[in-house]
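Undergrad: 3D model of this:
(chains A and B)
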2 protein chains.
Amino acid sequence: MDRSLDKILKEKLSDINLSEFNKIYYGSANCELNLKDATKCASEIHNFEVDGYSFKAAREELREPRIIRLGLIQHSIVLSTDKSINEQRLAIFDKVRKIIEVAASEGVRILCLQETWSMPFFLCTREKEAWSGFAESAKEGPSTRFLSEFAKKYEMVIISPILEIDENGVWWNTAVVINEKGEYLGKHRKNHLPSVGSFNETSYYSPGNTGHPIFQTKYAKIAVNICYGRHHALNWLMFGLNGAEIVFNPSATISEFGESFWGIEARNAAIANGFFTCSVNRVGTEMFTVNDKEITRSYYGSSYVTAPDGSRTPMLSRSKDGLLIMEIDLNLSRQVKDRWGFNMTSRLDVYVECLQNATENAI
Amino acid sequence: MDRSLDKILKEKLSDINLSEFNKIYYGSANCELNLKDATKCASEIHNFEVDGYSFKAAREELREPRIIRLGLIQHSIVLSTDKSINEQRLAIFDKVRKIIEVAASEGVRILCLQETWSMPFFLCTREKEAWSGFAESAKEGPSTRFLSEFAKKYEMVIISPILEIDENGVWWNTAVVINEKGEYLGKHRKNHLPSVGSFNETSYYSPGNTGHPIFQTKYAKIAVNICYGRHHALNWLMFGLNGAEIVFNPSATISEFGESFWGIEARNAAIANGFFTCSVNRVGTEMFTVNDKEITRSYYGSSYVTAPDGSRTPMLSRSKDGLLIMEIDLNLSRQVKDRWGFNMTSRLDVYVECLQNATENAI
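TA: Below is the predicted model:
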């Protein structure tokens, strides 16, 4: 099944009451954006999918609408993993450049790439040395330099998840935020590292030490919850309590692990915390040879966005490169909080005590 | 749309690869249970839906399987809300009795009824006095007495969500747990009270003061998260940290508020915490007259169960009384935790500090 389940459903259900279906399944009608002809043309030439939707908010008396466009890019690697690191990286740059140009021409203001977007997700191999060339400086590495140009040229905030090596030579799984002037704004290091069966990332780097930072950009207050962090409700919660209006979840995750709840967790987080969530996952099959044994991992894409009221977009393809463009009104966040009362009724003080007791009892 | 979306999808998608669809949509294949002919017969005579499914777990070397059957009942009220309280309650007893008998004959060991199951959900009216007769003692009220008989007769644990009045005359939204001997085992009072738009329950009762109790029953360690509590990740988390293997979520919720995320939150909680969740919601339309103005509320049923691996059952009907029978192996809980590592990677100590700071900063 290469297309997203959502696309298949849309086709198969064309004769039922789609407005009622959409209300239950997506939470709202998913208004499609009118994209430019040039966008469609570019997507055909360069063989990536482009979808655009918008979430509406009510008009308010005291606040103007705060409408912006977000862009999510999912892509496969280009060259096989036995090519040189430099060749592999440049080939990805070349592919992603074309998608960014389209995002810019559609007015995208905040763009998010997938986890460790400029390299294969080699962390299944358990070999660190072979890949060390992919680790780069957050402030001045090739990925940051490459994206800064676009950020400046198009006044676009870009979230660039990379494999970081810091000044002490320590590796981290990091998302760099570049502001609309092309400057390094800050970074977040992945808070929770996967330990799923025999797959774990702790051979490469440690759990993040940057807390739950909010990046005050020109367009919105944003945060980044990297991949496996989406399984942790408290991680989402802290980004919310710290003031995030949008939380991005750049990921690299395979169907064998949890495709059925890919659509659940980030959506739940948007509902629980009253912010927008943007889920990005890579596509394609990556092959590695370790001790003459082949390891293959296939990523299922399916990038999507959820609004604070729980409405979500259809997902991008399961197998194809793609750009999801989303027009949102940030005012929706407060509107939902005021109406639903989840923040008001959260009794956080009670939970501070409960959690404290629980952690003490666990020793 | 009276039937569940799930039933419609099953019919419409019969020609696609259902095993791949099920994997993405439900998380697994949803094995259907073979129910007795007498069950089908009774369900036709008494006009309720019965569905049965099972979730499998792997065989283990050191532990025997711990397979039990759960039952969830969703139902409408029977008489109009202007009838006497006693008549209304007895009519509901009479309807529910027939469904319990079927559950018992199918070997259900833990049964959960919907929020305030033996009365209309009048809390939208803002009038307290008119309904005070529905408030009852947790230990000795008519609902507990009625269900105790069945619990004893069928060695069945029953969760009975009621409107409680305590010895000081204070009301609570409470779930009573009756053990398999028909004895009162304990109770839980709703931790988070809805404040959604102009609807709120605080005119009737206060947020619960019973914490996050786990009930050690003959069959499993269970907990109850009443209705609106499902919106709060920390509420689910504490039930998990306290040891729950199954958390029931008896509810009374209408389509206008959040039907699109009914399937998200309890499912997310099962995934995040590694326990089974059982979601129960009433059906039918209830009408009240307040100051000569009619208030109508329609509940959408759609009761379902989620396993710790995120697999869920199809939902019961949106409009019809129903019994969902679920066969589970409790061993799945630890199997999933061991494999996914969410507990191991949760960094709870970090969050105690974060939350403490957040609550202090909020003053």
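Undergrad: CA atoms of stretch A:180-198 as PDB?
TA: C-alpha atoms of stretch A:180-198 as PDB (Å, rounded to 0.1, in the frame of the first residue of the first chain):
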ATOM      1  CA  GLU A 180      14.000  34.000   9.100                       C
ATOM      2  CA  LYS A 181      17.200  36.000   8.700                       C
ATOM      3  CA  GLY A 182      19.200  32.900   8.200                       C
ATOM      4  CA  GLU A 183      20.700  33.000  11.600                       C
ATOM      5  CA  TYR A 184      21.100  30.200  14.100                       C
ATOM      6  CA  LEU A 185      18.400  30.700  16.700                       C
ATOM      7  CA  GLY A 186      18.900  27.800  18.900                       C
ATOM      8  CA  LYS A 187      18.700  24.000  19.200                       C
ATOM      9  CA  HIS A 188      16.900  21.200  21.000                       C
ATOM     10  CA  ARG A 189      18.400  17.800  21.800                       C
ATOM     11  CA  LYS A 190      16.200  14.700  21.700                       C
ATOM     12  CA  ASN A 191      14.800  14.100  25.200                       C
ATOM     13  CA  HIS A 192      13.900  10.400  25.000                       C
ATOM     14  CA  LEU A 193      16.000   7.900  23.200                       C
ATOM     15  CA  PRO A 194      14.400   4.700  21.800                       C
ATOM     16  CA  SER A 195      15.000   1.500  23.400                       C
ATOM     17  CA  VAL A 196      12.700  -0.700  21.300                       C
ATOM     18  CA  GLY A 197      13.600  -4.400  21.400                       C
ATOM     19  CA  SER A 198      17.200  -4.600  20.400                       C
END
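Undergrad: Need the residues that contact the stretch of helix or strand A:R89 belongs to.
TA: Using DSSP states H and E, A:R89 sits within helix A:85-105. Here helix A:85-105 makes contact (C-beta atoms under 8 Å, 6 or more residues apart in numbering or on different chains) with A:36, A:38-39, A:42-43, A:46, A:48, A:50, A:71, A:73, A:75, A:77-79, A:81, A:83, A:111, A:113, A:117-120, A:131, A:133-134, A:142-143, A:146-147, A:150, A:153-154, A:156, A:321, A:323, A:325. (C-beta placed from N, C-alpha, C; glycine too.)
Undergrad: What about these, which are in helices?
TA: Secondary structure from DSSP state H places A:A38, A:T39, A:A42, A:S43, A:P142, A:S143, A:F146, A:L147, A:F150, A:K153, A:Y154 of the contacts of helix A:85-105 in helices.
Undergrad: Could you point out which of those residues is nearest to B:S333?
TA: The closest of these to B:S333 turns out to be A:S143 (C-beta to C-beta; 40.8 Å).
Undergrad: so who does the closest one touch?
TA: Counting by C-beta under 8 Å, 6+ apart, A:S143 touches A:R89, A:W117, A:S118, A:E136, A:S160, A:I162, A:V176.
Undergrad: quick one: it and A:L163, what's the gap?
TA: Separation of A:S143 from A:L163 (C-beta to C-beta, to the nearest Å) stands at 9 Å.
Undergrad: again with A:K221
TA: Distance, A:K221 to A:L163, using C-beta to C-beta: 26 Å.
Undergrad: between the two, who's got more neighbours?
TA: Counted by other C-beta atoms under 10 Å in any protein chain shown, A:K221 and A:L163 do not tie: A:L163 has more neighbours, with 25 against 18.
Undergrad: Which neighbours do A:S143 and A:L163 have in common?
TA: By C-beta under 8 Å, 6+ apart, the residues touching both A:S143 and A:L163 are A:E136.
Undergrad: related to what we said a few turns ago, turn the contacts of A:S143 into JSON lines, including neighbour count, distance to A:S195 and pLDDT.
TA: Output for the contacts of A:S143, formatted as JSON lines (neighbours: other C-beta atoms under 10 Å in any protein chain shown; distance: C-beta to C-beta, whole Å; pLDDT from 0 to 100):
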{"residue": "A:R89", "neighbour count": "22", "distance to A:S195": "28", "pLDDT": "98"}
{"residue": "A:W117", "neighbour count": "26", "distance to A:S195": "23", "pLDDT": "98"}
{"residue": "A:S118", "neighbour count": "26", "distance to A:S195": "25", "pLDDT": "98"}
{"residue": "A:E136", "neighbour count": "21", "distance to A:S195": "25", "pLDDT": "98"}
{"residue": "A:S160", "neighbour count": "27", "distance to A:S195": "25", "pLDDT": "98"}
{"residue": "A:I162", "neighbour count": "27", "distance to A:S195": "22", "pLDDT": "98"}
{"residue": "A:V176", "neighbour count": "25", "distance to A:S195": "25", "pLDDT": "98"}
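Undergrad: What are the boundaries of the helices in chain A?
TA: A:5-12, A:18-25, A:37-45, A:85-105, A:142-154, A:233-241, A:262-273, A:332-340, A:348-361.
Undergrad: Tell me the residues of the stretch 101-250 of chain A that contact chain B?
TA: The stretch 101-250 of chain A comes close to chain B at residues A:191-197, A:200, A:207, A:211-212, A:228, A:231-234, A:236-238, A:241-242, as judged by C-beta under 8 Å from any C-beta of the partner chain.
Undergrad: Turn the buried ones among the residues you listed into a named ChimeraX selection, would you?
TA: Listed next is the ChimeraX selection for buried residues among those, using 16 or more other C-beta atoms under 10 Å in any protein chain shown:
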select /A:191,192,193,194,195,196,200,207,212,228,231,232,233,234,236,237,238,241,242
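Undergrad: A:L348: what's its closest spatial neighbour, skipping adjacent residues?
TA: Nearest non-adjacent residue to A:L348, counting by C-beta to C-beta, 6 or more residues apart in numbering or on different chains: B:T359, 5.0 Å away.
Undergrad: And A:T296, by the same measure?
TA: Here the residue nearest A:T296, using C-beta to C-beta, 6+ apart, is A:M287, at 5.1 Å.
Undergrad: Chain B versus the one you found, what's the distance?
TA: 23 Å (C-beta to the nearest C-beta, to the nearest Å).
Undergrad: Next: A:N179.
TA: From A:N179 to chain B the distance is 26 Å (C-beta to the nearest C-beta).
Undergrad: In stretch A:241-259, which residues are buried?
TA: A:241-242, A:244-255, A:258-259.
Undergrad: These in strands, which ones?
TA: Counting by DSSP state E, the part of those found in strands is A:I246, A:V247, A:F248, A:N249, A:P250, A:S251.
Undergrad: Look at the third one and report its pLDDT.
TA: Predicted confidence (pLDDT) at A:F248: the value is 98.
Undergrad: That one and A:C278 touch, don't they?
TA: Yes. Applying C-beta atoms under 8 Å, one finds A:F248 in contact with A:C278, separated by 4.7 Å.
Undergrad: Ramachandran angles for the nearest residue to A:H232 once chain neighbours are set aside?
TA: With C-beta to C-beta, 6+ apart as the criterion, A:H232 has its nearest non-adjacent residue at 5.2 Å, and that residue is A:H192. Note on A:H192: backbone dihedrals following degrees, to the nearest 10 are phi -130, psi 120.
Undergrad: Now for A:H192: which residues touch it?
TA: Per C-beta under 8 Å, 6+ apart, neighbours of A:H192: A:P207, A:Y228, A:G229, A:H231, A:H232, A:N235, B:T345, B:S346, B:R347.
Undergrad: give me that answer again for 10 Å
TA: Counting by C-beta atoms under 10 Å, 6 or more residues apart in numbering or on different chains, A:H192 touches A:201, A:207-208, A:225-232, A:234-235, B:341-342, B:344-347, B:350.
Undergrad: out of those, which are buried?
TA: Applying 16+ other C-beta under 10 Å to those flags A:201, A:207-208, A:225-232, A:234-235, B:341-342, B:345-347, B:350 as buried.
Undergrad: What pLDDT does the model give A:S302?
TA: 97.
Undergrad: what about the nearest residue to A:T202 once chain neighbours are set aside, distance to B:V176?
TA: Sequence neighbours aside, A:L193 is the residue nearest to A:T202 in space, at 5.5 Å (criterion: C-beta to C-beta, 6+ apart). Note on A:L193: its distance to B:V176, by C-beta to C-beta, is 42 Å.
Undergrad: What of A:K320?
TA: Plainly put, A:K320 is 53 Å away from B:V176 if you go by C-beta to C-beta.
Undergrad: I am finished for the moment; much appreciated.
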